[in-house]
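Asks: Predicted model, plus sequence, below.
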Amino acid sequence: MSHMESIASSAVRAAIKVKASVIICFTSSGRAARLIAKYRPTMPVLSVVIPRLKTNQLRWTFTGAFEARQSLIIRGLFPMLADTQHPGGSVSATNETVLKVAIDHGRSIGVIKPQDRVVVCQKVGDDAVVKIVELED
């Protein structure tokens, strides 16, 4: 089992144990969200695709829209494209801002309610992190 696959398996097992209402997965390629969906969690997976800004010396482009669209065909995945002004770096304040936007989006589509638990799977630097967040409201 690869490292990313074990993280995905752990995220699903943690979500089942704590009876989480949703799993939020930060990804840039969509691979981590697909690995989580592979384990068929009973709760929906909100895949937050972080766009990457690229240049070819003449113009700037960003990737991420294609990856978010491709996630639509996976069972249980609800893709969301993050704002391009919030880069997917290891800055914790930026990750918290994107997490708040993802939780608000989950509330708007009806998968997150007050007092719910949410499992968040993300990469911080070179490490993968699975954390459990209990919402207050």
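Replies: Perfect, I can see it now. Predicted, not measured: the structure shown is a model, and the values here were computed from it.

Asks: quick one, phi/psi of the nearest residue to residue 34 once chain neighbours are set aside?
Replies: Nearest non-adjacent residue to residue 34, counting by C-beta to C-beta, 6 or more residues apart in numbering: residue 74, 5.8 Å away. C-beta: built from backbone N, CA, C; applies to glycine. Here is the backbone geometry of residue 74 (degrees, to the nearest 10): phi -90, psi 130.

Asks: thought residue 74 was touching residue 32?
Replies: No: using C-beta atoms under 8 Å, residue 74 makes no contact with residue 32, being 11.9 Å away.

Asks: who has more neighbours, these two?
Replies: Neighbour count, other C-beta atoms under 10 Å: between residue 74 and residue 32, residue 32 has more, with 23 against 17.

Asks: Mind telling me what element the more buried one is part of?
Replies: For residue 32, the host element (DSSP states H and E) is helix 31-38.

Asks: Could you list the buried residues of that helix?
Replies: 32-37 (16 or more other C-beta atoms under 10 Å).

Asks: Repeat that for stretch 108-115.
Replies: Buried residues in stretch 108-115 (16+ other C-beta under 10 Å): 111-112.

Asks: Just the endpoints, please. Distance across that stretch?
Replies: For stretch 108-115, the separation between the terminal residues is 15 Å (C-alpha to C-alpha, to the nearest Å).

Asks: List the contacts of it.
Replies: Outside stretch 108-115, the residues that touch it by C-beta atoms under 8 Å, 6 or more residues apart in numbering are 21-22, 43-44, 46, 78, 103, 106-107, 118, 134-137.

Asks: want to throw those residues into CSV with pLDDT, distance to residue 2 and neighbour count?
Replies: Listed next are the contacts of stretch 108-115 as CSV, based on pLDDT from 0 to 100; distance: C-beta to C-beta, whole Å; neighbours: other C-beta atoms under 10 Å:
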residue, pLDDT, distance to residue 2, neighbour count
21, 95, 28, 18
22, 96, 24, 24
43, 95, 23, 19
44, 95, 24, 18
46, 95, 23, 24
78, 93, 25, 19
103, 93, 29, 20
106, 93, 28, 22
107, 94, 33, 15
118, 96, 25, 24
134, 94, 30, 10
135, 93, 31, 15
136, 87, 36, 6
137, 70, 37, 9
